[in-house]
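Chemist: I need the structure of the sequence given here:
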Amino acid sequence: MDTNSSFLGDIIKQFLEQCKGSALAFSGGLDSTLLMALSGYSLDPYTVGFSNSHDIARSRLVSEQLGFKVKEIILDDLDLNEGISVLRSIEPSIGRSEIGYELVLYYALSEIMESRLVTGQGADEIFYGYRRFIDNPGIDNREHLARLFGITLPRETRIAKHFGKELATPYLDTRIMEKFSGMPREAHIAAGTNKILLRGLAKSAGLPEEIWGFGKKAAQYGSGIQARLKKIPGL
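Modeler: Coordinates of the predicted model:
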């Protein structure tokens, strides 16, 4: 393991030591599976989605492969308009695409028994996880980080407070931000592969290639929510 991956792993483990027994927003993707592994499998994972969604299938596959159980929050019989109304009361200007991924957080927070929810927020911004970073070599992560801290995180904190919960974001630990967020994109993307530091850490942690080599599926798409939102008139 190189020094960057070693440092990153140590910080995340230290952070998660304070989160034992907390809930984890789990999709079966790289970011959340790495958090589960580095916690020593001490978190309680929850997956949100429609029963036929990518994330539900993926979380079942990964949890079975690694030997832990996941609580599923199935959306099939829920009225998304309820969640949409709450999100709009929290932030009236919230856009359709933002509603898609924040509904995943909303329903996770509405169902967990734990007082704290650990999320992988920040991994895509810091470690160049979005596909657009690969497709557009001329852009860096500064604008994405500014939006994360200026808009997304404050909104998600308010959503959590609505349920009397708190969020824990290991990837946004100050020490990680200081060391990794300003690194050039070449430190995070190589040969068309992004998040190379996280992938290297996951590989060193003993996770199989099916996990450390897995591509990103955005929450609103992986959960099936975005497809359902298209059927809501006037949204």
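
Chemist: could you point out the helix or strand that follows the lowest-mean-pLDDT helix or strand in the chain?
Modeler: Taking mean pLDDT, DSSP states H and E as the measure, the chain has helix 219-222 as its least confident helix or strand, at a mean of 58. Where DSSP states H and E defines the elements, the next helix or strand beyond helix 219-222 is helix 225-229.

Chemist: quick check: phi and psi on S27?
Modeler: S27 adopts backbone torsions of phi -120, psi -10, taken as degrees, to the nearest 10.

Chemist: residues near it, how many?
Modeler: Residues within reach of S27, counting by other C-beta atoms under 10 Å, total 30. To be clear about C-beta, it is placed using only N, CA and C from the backbone, and glycine gets the same treatment.

Chemist: surely S53 and V104 touch.
Modeler: No. With contacts counted by C-beta atoms under 8 Å, S53 stays clear of V104, the gap being 10.5 Å.

Chemist: intersection of neighbour lists for the two?
Modeler: Contact criterion C-beta atoms under 8 Å, 6 or more residues apart in numbering; residues shared by S53 and V104: S223.

Chemist: can you name every helix or strand that the strand or helix carrying D124 contacts?
Modeler: In the assignment (DSSP H and E), D124 maps to helix 123-126. Helix 123-126 sits against helix 30-38, helix 142-147, helix 174-180, with contacts defined as 3 or more C-beta pairs under 8 Å, 6 or more residues apart in numbering; DSSP states H and E.

Chemist: want to try a markdown table for these, with mean pLDDT, mean neighbour count and distance to L207 as columns?
Modeler: Formatted as a markdown table, the helices and strands packed on helix 123-126 follow (pLDDT from 0 to 100; neighbours: other C-beta atoms under 10 Å; distance: least, C-beta to C-beta, whole Å):
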| stretch | mean pLDDT | mean neighbour count | distance to L207 |
| --- | --- | --- | --- |
| helix 30-38 | 97 | 24 | 6 |
| helix 142-147 | 96 | 14 | 26 |
| helix 174-180 | 97 | 15 | 19 |
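
Chemist: nearest to A123, of those helices?
Modeler: Closest to A123 of these is helix 30-38 (C-beta to C-beta; 4.3 Å).

Chemist: nearest residue to L153 in space, please, no chain neighbours.
Modeler: Nearest non-adjacent residue to L153, counting by C-beta to C-beta, 6 or more residues apart in numbering: Q121, 7.1 Å away.

Chemist: test my guess that H54 contacts I225.
Modeler: No. H54 is not in contact with I225 according to C-beta under 8 Å; the separation is 11.2 Å.

Chemist: so F133: helix, strand or coil?
Modeler: helix (DSSP: H, G, I helix; E, B strand; the rest coil).

Chemist: spit out the contact partners of it.
Modeler: Neighbouring residues of F133 by C-beta under 8 Å, 6+ apart: I139, N141, R185, H188, I189, N194.

Chemist: so how far is A123 from the first one?
Modeler: By that I understand I139. Taking C-beta to C-beta, to the nearest Å as the measure, I139 falls 17 Å from A123.

Chemist: so those two - more neighbours on which side?
Modeler: Ranked by neighbour count (other C-beta under 10 Å), I139 and A123 place A123 first, with 24 against 14.

Chemist: if I look at that one, what pLDDT would I see?
Modeler: With respect to pLDDT, A123 scores 97.

Chemist: where do the strands sit along the chain?
Modeler: Along the chain, counting by DSSP state E, strands occupy 23-25, 44-49, 71-74, 116-118, 166-168.

Chemist: and these as CSV, adding mean pLDDT and distance to M36?
Modeler: What follows is those, written out as CSV (pLDDT from 0 to 100; distance: least, C-beta to C-beta, whole Å):
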stretch, mean pLDDT, distance to M36
strand 23-25, 99, 6
strand 44-49, 98, 6
strand 71-74, 98, 13
strand 116-118, 99, 9
strand 166-168, 99, 13
